[in-house]
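Undergrad: generate a structure from the sequence data that follows.
(chains A and B, ligands or ions: 3)
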Amino acid sequence: MAKIKFTLNHKKLEVEVDPSRRLLDFIREDMHLSGTKEGCGEGSCGACVVLMDGYSVNSCLIPMANVEGHEIITIDEFKNTKEFEVLYAAFSEEGGSQCGFCTPGMIIASQSLLSHNPHPSEEEIRAGLAGNLCRCTGYQAIIQAVKLASEIGGNLWDKK
Amino acid sequence: MGQKIIARTLSEAIEALAKYDCNIVAGGSDIMLQKRNTAGELPRFEKDVLFIANIEELHKEYVDEEGLHIGATMTLEEILRHELTPNVLKDCLKELASVNIRHFATLPGNIANASPAGDTIVVDILLDAKLKLTSIRGVRYVSAEDFVQGVRKIDLAKDELIEEIIFPKYDFDKLIWFKVGSRKAESISKLAFAAAYKLDGEKIASIRLAFGSVFMKAIRSHELEKELEGMSLKELGSRVEEFTEKYGKVISPIDDQRSTKSYRLEVTKNIVRDFLTTLAKGGN
Ligand SMILES: Cc1cc2nc3c(=O)[nH]c(=O)nc-3n(C[C@H](O)[C@H](O)[C@H](O)COP(=O)(O)OP(=O)(O)OC[C@H]3O[C@@H](n4cnc5c(N)ncnc54)[C@H](O)[C@@H]3O)c2cc1C
Ligand code: FES
Ligand code: FES
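TA: Ligands and ions are numbered 1, 2, ... in the order given. Below you'll find the predicted structure:
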């Protein structure tokens, strides 16, 4: 066990936890934040993606030791933002979500992309979401949704 | 057993390595997967564990007279975005895993993992990269080519840490990275190819070809490169088939679930043939 200090959804935490525990298990089981999903558990589907200092990372492969000093945002907090509202509207409009299992990860990956590249090309959107799998929509609707979000968001994602 | 240490400085890390028998965890994208347990349970580490991702002093990329240095805790995406990173390494990183993974995976992790399909190793051996290995006993340097000895076999003592990777200065007209995979992102390479050359008028001044995923480790043939060096492009044009066959013998493809031997051999030969044919016409 070790003491790990970090910020989770804007709350400063100091937790006593095994440093090898997966961030995903900490989020879902210890914090009961169930918006973050486990799909493959192997880094390849993106369902477990959270923001670490604003960048999308696979929480199924990140040990708690590695979040020390960092800021983690999960979908359960991100859903209270303006950026989420825009992404949600765009995903609804384009039919970018069907069963919804991949959606939290898709939204987080989209936020990571848009916050570093507010007006991505289609190719850049594809690359930005390449680590997120969806079994339902066939991707085109998701790509369209991110494009739409970047348009209706105006300067929402432009660096402040 | 059972020690789990979070190092914040290089000296804390090498002291822990000297004292305990550790698995090193950098980003964790390989090792957390290897030690995977059922959901909710701790990963199954059989040794002590040393976490190095928090070592801030190794989080840097810089150039000096020796060349370009990339520290052990730089993430692949940071390296990809860094202005000092050579384009050939950027081209390789762009196609490695996915952006999510690249946000925390590292370069030493990719090398030390020593998978025959490790992409960055191909670029490392192309550029004659060396690794700085640090322990409480001191520092030693080893070339990337010698460091990887075979599938998951590396030249790393129990108490050593890869502190950084060093790319010496080089002088080429052109550098190429090429990967044949099955899906755009996350395609673990079926085959990776990197090459570099410099022309001196109508002659080959220097040339390097490196292959990944075809052999138990990434390889170059120094003998064939020597044969090619100094050769006129005209002569090369008439000997493309000969060298394609020679390269076919150098690489000895492996069968795995991703691809078959004969497929890899044919693809490799096609790539070599195309590359040499284009070069014989003056390149580009
Ligand atoms: C979905 C997915 C897709 C992938 N796609 C690709 C791909 O296309 N191409 C590719 O090449 N790889 C791919 N990988 C593999 C992986 O992402 C890379 O090998 C990564 O670079 C490893 O870095 P890490 O920091 O996460 O390593 P870790 O998992 O932390 O460590 C890997 C190994 O290196 C050792 N190690 C790490 N750092 C050091 C150090 N400083 N000194 C000594 N030993 C060290 C560890 O002990 C361990 O044995 C993929 C992985 C996943 C999960
Ligand atoms: S559950 Fe983490 S990537 Fe699939
Ligand atoms: S909406 Fe079902 S997996 Fe994407």
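
Undergrad: what about residue B:50, neighbour count?
TA: 24 (other C-beta atoms under 10 Å in any protein chain shown). For every residue, glycine as well, the C-beta is placed using N, CA and C.

Undergrad: name the element it belongs to?
TA: strand B:48-51 (DSSP states H and E).

Undergrad: partners of that strand, with directions?
TA: Strand B:48-51 has these partner strands in its sheet, going by DSSP bridges: strand B:4-6 (parallel), strand B:22-25 (parallel).

Undergrad: can you map out the strands along the chain?
TA: Answering for chain A, as no chain was given. Taking DSSP state E as the criterion, chain A contains strands spanning A:2-8, A:11-17, A:49-52, A:55-58, A:71-73.

Undergrad: you looked at the wrong chain, it should be chain B
TA: B:4-6, B:22-25, B:48-51, B:61-64, B:67-71, B:130-135, B:138-143, B:148-150, B:153-154, B:161-168, B:174-180, B:191-200, B:203-212, B:219-220.

Undergrad: quick one: residue A:122 from ligand 3, how far?
TA: To ligand 3, residue A:122 is 19 Å away according to C-beta to the nearest ligand atom, to the nearest Å.

Undergrad: if I look at that residue, how far off is residue A:142?
TA: 12 Å (C-beta to C-beta, to the nearest Å).

Undergrad: which one's more surrounded, these two?
TA: Neighbours around residue A:122 and residue A:142, counted as other C-beta under 10 Å, are more numerous at residue A:142. The numbers are 27 against 12.

Undergrad: any chance of the strands of chain B in JSON lines, with mean pLDDT too?
TA: Shown next, in JSON lines, are the strands of chain B (pLDDT from 0 to 100):
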{"stretch": "strand B:4-6", "mean pLDDT": "98"}
{"stretch": "strand B:22-25", "mean pLDDT": "98"}
{"stretch": "strand B:48-51", "mean pLDDT": "98"}
{"stretch": "strand B:61-64", "mean pLDDT": "98"}
{"stretch": "strand B:67-71", "mean pLDDT": "98"}
{"stretch": "strand B:130-135", "mean pLDDT": "98"}
{"stretch": "strand B:138-143", "mean pLDDT": "98"}
{"stretch": "strand B:148-150", "mean pLDDT": "91"}
{"stretch": "strand B:153-154", "mean pLDDT": "94"}
{"stretch": "strand B:161-168", "mean pLDDT": "98"}
{"stretch": "strand B:174-180", "mean pLDDT": "92"}
{"stretch": "strand B:191-200", "mean pLDDT": "95"}
{"stretch": "strand B:203-212", "mean pLDDT": "96"}
{"stretch": "strand B:219-220", "mean pLDDT": "93"}
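
Undergrad: could I get these as CSV with distance to ligand 2?
TA: Converted to CSV, those look like this (distance: least, C-beta to the nearest ligand atom, whole Å):
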stretch, distance to ligand 2
strand B:4-6, 22
strand B:22-25, 17
strand B:48-51, 19
strand B:61-64, 27
strand B:67-71, 26
strand B:130-135, 29
strand B:138-143, 33
strand B:148-150, 27
strand B:153-154, 27
strand B:161-168, 26
strand B:174-180, 22
strand B:191-200, 23
strand B:203-212, 24
strand B:219-220, 32
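
Undergrad: so which residues make contact with stretch A:33-50?
TA: With C-beta atoms under 8 Å, 6 or more residues apart in numbering or on different chains as the test, stretch A:33-50 has contacts from A:9, A:23-24, A:27-28, A:56-61, A:72-76, A:79, A:101-102, A:104-106, A:108-109, A:112, A:129, A:131-133, B:29, B:33, B:36, B:39, B:97-98, B:100-101, B:186.

Undergrad: out of the strands of chain A, indicate the one that is most buried.
TA: Ranked by mean neighbour count under mean count of other C-beta atoms under 10 Å in any protein chain shown, the strands of chain A are led by strand A:55-58, which reaches a mean of 31.

Undergrad: using CSV, write out the CA atom coordinates for that one.
TA: C-alpha atoms of strand A:55-58 as CSV (Å, rounded to 0.1, in the frame of the first residue of the first chain):
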residue,chain,number,x,y,z
TYR,A,55,-5.2,13.8,-22.5
SER,A,56,-7.1,10.6,-23.1
VAL,A,57,-5.6,7.5,-21.5
ASN,A,58,-6.7,3.9,-21.1
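
Undergrad: briefly note if that strand comes near ligand 1.
TA: No: using C-beta under 6 Å from any ligand atom, strand A:55-58 stays clear of ligand 1, coming no nearer than 7.4 Å.

Undergrad: tell me what that strand is packed against?
TA: Helices and strands touching strand A:55-58, by 3 or more C-beta pairs under 8 Å, 6 or more residues apart in numbering or on different chains; DSSP states H and E, are strand A:49-52, helix A:103-116, helix B:99-102.

Undergrad: run the last query once more with 6 Å
TA: Packing contacts for strand A:55-58, counted by 3 or more C-beta pairs under 6 Å, 6 or more residues apart in numbering or on different chains; DSSP states H and E, involve helix A:103-116, helix B:99-102.
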